[in-house]
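Next come a sequence and a model predicted from it.
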Amino acid sequence: MRELEGWGLDGDKVIKETYLTRKPAPRSHWVALASVAFLFTTSLIYWSDPFGVASLLPASRESVFFHGEYWRLGTSMLVHADFQHFLSNSVVLGVLAFLLYGYYGTAVYPGWTLVFGAMVTGFALRTYPAQTSLVGASGMVYLMAGFWLALYLLLERRSSIGKRLIRAMGFGVIVLVPTAFEPAVSYRTHLIGFLVGVGMAIAYFLKHKEKLRAAERVAYE
């Protein structure tokens, strides 16, 4: 067997390496840890309410769109109702922060992730009564998951599309599908975030397709 790049050779083409087989960027684990630490710090501020700032952090349709307090679209993602709520988001966020920063860089995470995460919050608020407040990073977490899984399906061509779909669905079931229904959880925000993440991934792939495909290494057997 010979590993060669190019086309027009006898034998079956087998993809041996892809963009995702390389090692993630250095310091990815520190970015992940810093993300979780920052999320905990902002949530702690919300819980302890120093100087009465807690009321300025959640987002509602009334506060954002009626009163023009647009900063809440960002701050609401960074605070959580309680420690259990923080824990449910922070573990997955840490893993996805490691992957997105490690493979796609700061432009994707934290850059566009925060921007589109705030947009997800805004979209979700439009579907709720004016005084319903949202807090938590779950919309952003589902956005990150949608982005990672969609690009995994597009890039990891060492496996058949069927195997990739099974693995992606397995990840989704284990990590993203709740084990019990909780009335206080905004599942529509999860859905909006996931769909926006998939859209981001498709746009990213189309823009960077040449670079992403160039990382593939092909063998002819």
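Sure, I can see it. Numbers count the residues shown, from 1 in each chain.

packing partners for the helix or strand where residue 102 lies?
In this assignment (DSSP states H and E), residue 102 forms part of helix 83-104. In terms of contacts (3 or more CB pairs under 8 Å, 6 or more residues apart in numbering; DSSP states H and E), helix 83-104 is packed against helix 28-48, helix 138-155. Any C-beta I mention is one placed from the backbone N, CA and C, and that applies to glycine too.

winner for burial among the ones you listed?
helix 138-155 (a mean of 25; mean count of other CB atoms under 10 Å).

Specify the angle between that helix and helix 28-48 in degrees.
On the basis of axes from the mean of the first three to the mean of the last three CA atoms, to 10 degrees, helix 138-155 is oriented at 160 degrees to helix 28-48.

tell me the mean pLDDT over helix 138-155?
Regarding helix 138-155, the rounded mean pLDDT is 97.

Which positions in the next helix-or-strand element following that helix come out as buried?
Using DSSP H and E, the next helix or strand after helix 138-155 towards the C-terminus is helix 161-171. Neighbour-count burial for helix 161-171 flags 164, 168 (criterion: 16 or more other CB atoms under 10 Å).

Packing partners of helix 161-171?
Partner elements for helix 161-171 (3+ CB pairs under 8 Å, 6+ apart): helix 138-155.

Which positions in the helix or strand just after the helix holding residue 102 come out as buried?
Where DSSP H and E defines the elements, the next helix or strand beyond helix 83-104 is helix 113-125. Across helix 113-125, burial judged by 16+ other CB under 10 Å covers 113, 116, 117, 118, 119, 120, 121, 122, 123, 124, 125.

For the spatially most central residue of the chain, which residues are in contact?
Centroid-nearest residue in the chain: residue 144, 0.7 Å away (criterion: CA atoms, centre = their mean). Counting by CB atoms under 8 Å, 6 or more residues apart in numbering, residue 144 makes contact with 93, 96, 97, 100, 109, 113, 197.

Same question for residue 95.
Residue 95 neighbours (CB under 8 Å, 6+ apart): residue 32.
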